[in-house]
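This is a predicted model, with the sequence first.
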Amino acid sequence: MPQGTIKDFDIETGTGTLVQDDLVELSFDTQTFLDSRLEELRLGQRVRFRRDGDRVTDLQLVSL
């Protein structure tokens, strides 16, 4: 599963942008955030994600 870093996140709308390790930016929508069952995301936070084309379909926190 690829990884990236949260570039921006709007807690009110549940939308945001992540940057893949190859520096490609991908946006995620409210439904993707809600489906992840995460309560919030912080700028700079590492995440794993799945995508379907240009759409992020799943977000998971990277933990040690």
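Great, that's in hand. This is a predicted model, so every value here is computed, not measured.

If we ignore the residues flanking it in sequence, what's nearest T32?
Using Cβ to Cβ, 6 or more residues apart in numbering and skipping the chain neighbours, the partner closest in space to T32 is V56 (5.4 Å). Heads up, the C-betas are built off the backbone N, CA and C, glycines and all.

Report the buried residues of the strand or helix carrying the one you found.
Taking DSSP states H and E as the definition, one finds V56 inside strand 55-61. By neighbour count with 16 or more other Cβ atoms under 10 Å, strand 55-61 contains the buried residues V56, L59.

try stretch 42-55
For stretch 42-55, burial by neighbour count (16+ other Cβ under 10 Å) applies to V47, F49, R51.

Pipe those into JSON lines and attach secondary structure, distance to S27 and pLDDT per row.
Output for the buried residues of stretch 42-55, formatted as JSON lines (DSSP: H, G, I helix; E, B strand; the rest coil; distance: Cβ to Cβ, whole Å; pLDDT from 0 to 100):
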{"residue": "V47", "secondary structure": "strand", "distance to S27": "13", "pLDDT": "97"}
{"residue": "F49", "secondary structure": "strand", "distance to S27": "11", "pLDDT": "97"}
{"residue": "R51", "secondary structure": "strand", "distance to S27": "11", "pLDDT": "93"}
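
Those into TSV, with extra columns for distance to D8?
Listed next are the buried residues of stretch 42-55 as TSV, based on distance: Cβ to Cβ, whole Å:
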residue	distance to D8
V47	13
F49	15
R51	18
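
Tell me the one of those residues nearest I11?
V47 (15.5 Å; Cβ to Cβ).
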